[in-house]
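> this one's sequence-less:
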């Protein structure tokens, strides 16, 4: 489904991402792990069109989408739950979800809203509340629900458990597991490598902007030197 | 008491126009982070359109929709010609561009029309008044207040109930994330300029009805009032912009009425002094916007 080859992204003269390549097949859950500053967020933001690559190629179902705008990529079926959630704190929970569904036909939106209210009961209870009043866990669920409103074919998540209490981290991983059970295609950046490798079909390890290893969760966990050196948890 | 009520009505009339201008400034600031010092040029261009059309014998009934249309078209043209080229640039570049647009528009009328003030007939009812008890209320102020309230209600409905409004509010809070949600940046920015043009167009109708004149620099005063009102209310807040407009209008009228005759001509200076004091004690304006720098 998603093919990334030789992707390079620079901030000025500094290369944050160096010829990174990865593949996400339909229905797969892929983890992206690595230490802070490894280029994980840069990679997702470049795939999602928020950053312009200086080299390489991104293709979605064999269509070259390199450098496409985020709004165009979303219409191609690629959605991102950004780092720090970035929910619209000036909008209500319902409005956040409605904005997530702007690309779907208006006739389909009520059904999608209903679906989200059933899937995320915590949001249903705060439907008309300003999103600025949500707790971290609720905000993360809203961010994921908002991305699902666009009916993405590939959902990317950037650090979904970041800054959450341990109990809420469980909720987020249960949610990822539920999405996986539905056959969704996911590409997830996660600091919590141990938990991510338990869930992912495969994972890529990034360090200093480069993909340095790839494998199944078991393969990467069993490679103790690699795991300790590059992941460190 | 009567004098205070009289001032209140006069101030609301004046503040209504400022509120419309400030709201237009706030809408653009929201989506582009641009403090648009070219906003007053919509009134300059509308003023010359009024001068030519009224001179050709057109009536004010035709002029009202025409002025709004000219304002919207000018706003979209300025976005296309100038601001679309610096989209995403730093704040200073955007600010310089807006000053540049202001000077270019002024220079065009200065070079190709005239430096002198051009006058045109005002509607006859503008100076009419009616009595309510001991109050003398201008028909003009009444119309301005009613139309402004209706415009603010309509704008609120657009922002709250339509997909465009939702997109605009989301883009104002976090432009990149709005794009991630599929909000088209071109559509939302042009929509914001169109909405800003409508608001400035309605303000232009009243401004021009009141002044009955235009000149190459006619946009400076309304631009200053609009930007100041947006700053007073709290740059980044649409409600604040409206509040700032009414506050500025009321302050001007009340000060003009209360200051001794010997210093009445310094009213604007005193208003600026009060605004400076406000910013010392409350730099974020009357309404602070949480989290984001945008609307």
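Alright, I've got the coordinates. Bear in mind the structure is a predicted one, so any value in this text is a computation, not a measurement. Residues are numbered from 1 along each chain as shown, chains lettered A, B, ... in the order given.

> Tell me the confidence at the residue lying closest to residue B:259 once chain neighbours are set aside?
Of all residues not flanking residue B:259 in the chain, residue B:267 sits nearest, at 6.2 Å (Cβ to Cβ, 6 or more residues apart in numbering or on different chains). In this view, the C-beta of every residue, glycine as well, is placed from N, C-alpha and C. Per-residue pLDDT puts residue B:267 at 82.

> from the chain's centre, how far out does the helix or strand harbouring residue B:267 sit?
Using DSSP states H and E, residue B:267 sits in helix B:267-281. In this view, helix B:267-281 has its centroid 20 Å away from the chain centroid, taken as Cα atoms, centre = their mean, to the nearest Å.

> which residues are in contact with it?
With contacts defined as Cβ atoms under 8 Å, 6 or more residues apart in numbering or on different chains, helix B:267-281 is touched by B:228, B:231-232, B:248, B:251-252, B:255-256, B:259, B:263, B:285-286.

> near chain B at all, stretch A:25-43?
No: counting by Cβ under 8 Å from any Cβ of the partner chain, chain B is not contacted by stretch A:25-43; separation bottoms out at 12.8 Å.

> Point me to the residue of the stretch 101-250 of chain B nearest chain A.
Using Cβ to the nearest Cβ, the single residue of the stretch 101-250 of chain B nearest to chain A is residue B:182, 3.8 Å away.

> Determine which two of the contacts of helix B:267-281 are furthest apart.
B:263 and B:285 (27.0 Å; Cβ to Cβ).

> which one of these two has more residues nearby?
Each of residue B:263 and residue B:285 has its neighbours counted (other Cβ atoms under 10 Å in any protein chain shown); residue B:285 has more, 22 against 11.

> Against which helices or strands is the helix or strand that residue A:114 is a member of packed?
For residue A:114, the host element (DSSP H and E) is helix A:109-119. In terms of contacts (3 or more Cβ pairs under 8 Å, 6 or more residues apart in numbering or on different chains; DSSP states H and E), helix A:109-119 is packed against helix A:93-100, helix A:121-124, helix A:136-148.

> let's go with 7 Å and repeat that
Packed against helix A:109-119 by the contact rule (3 or more Cβ pairs under 7 Å, 6 or more residues apart in numbering or on different chains; DSSP states H and E) you find helix A:93-100, helix A:121-124.

> which one of those is the most hemmed in?
helix A:93-100 (a mean of 25; mean count of other Cβ atoms under 10 Å in any protein chain shown).

> Any residue of that one touching chain B?
Yes: applying Cβ under 7 Å from any Cβ of the partner chain, one finds helix A:93-100 in contact with chain B at A:95, A:98-100.

> now the angle from that helix to helix A:136-148?
The directions of helix A:93-100 and helix A:136-148 differ by 30 degrees, with axes from the mean of the first three to the mean of the last three Cα atoms, to 10 degrees as the criterion.

> what's the offset of helix A:93-100 from the middle of its chain?
Put simply, helix A:93-100 sits 18 Å off its chain's centre (Cα atoms, centre = their mean).

> picking that back up, for the residue of the stretch 101-250 of chain B closest to chain A, give me its contacts.
Counting by Cβ atoms under 7 Å, 6 or more residues apart in numbering or on different chains, residue B:182 touches A:71, A:74-75, A:102-103, A:150.

> Let me know the closest of those to residue B:68.
residue A:102 (27.7 Å).

> what does the stretch 101-250 of chain B put close to chain A?
B:163, B:166-167, B:169-170, B:173-174, B:176-177, B:179-185.
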